[in-house]
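Chemist: Predicted coordinates and the sequence they were generated for:
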Amino acid sequence: MTVVCNTSPITNLAAIAQLDLLRQVYSEIVIPVAVYDELTALPNPVPGTLEVQTLSWIQVQRVVDQAQVVEFRRKVDRGEAEALALALEVSAERVLIDDAAGRAIALELGLTITGVLGVLLTAKKRQ
């Protein structure tokens with residue numbers, strides 16, 4: 001299963017020491033370069049900074065269709081725009097995204113979405 005993840009699920013789950021739930025539920029996630037940059041190009045680390053640089057089950061992938069990213073950037077920030085474009089490129093089965101505008105675009109595109117709450121609920125059901 002290919003799962004593309006935006007920044008907020010990583011930072012929110014890392015902040016509560018539950019980032020490994022993503023691995024447990026999805027085995028592996030793919031993040032676009034913009035999400036990696038959002039987490040690592042800061043003067044001070046945030047929850048998830050170290051993890052995206054070291055965990056083997058978090059894969060970074062470059063978006064090919066930059067025109068699509070530019071189109072999405074009209075409504076969402078760079079991380080969400082690249083996550084959506086990457087999800088289309090890799091035919092992702094799911095996009096992990098919390099931003100309301102990003103979720104709306106994903107639904108318009110026919111993508112399956114889950115946010116942090118959905119990850120937590122799935123993990124709870126699986127115990």
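Modeler: Thanks, I have the structure now. Since we're looking at a predicted model, the values are computed, not measured.
Chemist: Helices along the chain, start to end?
Modeler: Remark: helices assigned in the chain by DSSP state H are 7-15, 20-26, 33-40, 49-54, 66-72, 78-89, 100-108, 116-126.
Chemist: Export those helices to JSON lines and append columns for mean neighbour count and distance to Val60.
Modeler: For every residue, glycine as well, the C-beta is placed using N, CA and C. Listed next are the helices of the chain as JSON lines, based on neighbours: other CB atoms under 10 Å; distance: least, CB to CB, whole Å:
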{"stretch": "helix 7-15", "mean neighbour count": "22", "distance to Val60": "12"}
{"stretch": "helix 20-26", "mean neighbour count": "18", "distance to Val60": "15"}
{"stretch": "helix 33-40", "mean neighbour count": "21", "distance to Val60": "5"}
{"stretch": "helix 49-54", "mean neighbour count": "16", "distance to Val60": "7"}
{"stretch": "helix 66-72", "mean neighbour count": "15", "distance to Val60": "15"}
{"stretch": "helix 78-89", "mean neighbour count": "25", "distance to Val60": "10"}
{"stretch": "helix 100-108", "mean neighbour count": "17", "distance to Val60": "19"}
{"stretch": "helix 116-126", "mean neighbour count": "14", "distance to Val60": "20"}
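Chemist: list the contacts for Leu84?
Modeler: Gln68, Phe72, Val76, Val95, Ile97, Gly102, Ile105, Ala106, Leu109, Leu111 (CB atoms under 8 Å, 6 or more residues apart in numbering).
Chemist: Based on its surroundings, how many neighbours for the residue lying closest to Glu82 once chain neighbours are set aside?
Modeler: Among residues not flanking Glu82 along the chain, Pro32 sits closest, at 3.5 Å (CB to CB, 6 or more residues apart in numbering). Neighbourhood size, Pro32 [other CB atoms under 10 Å]: 28.
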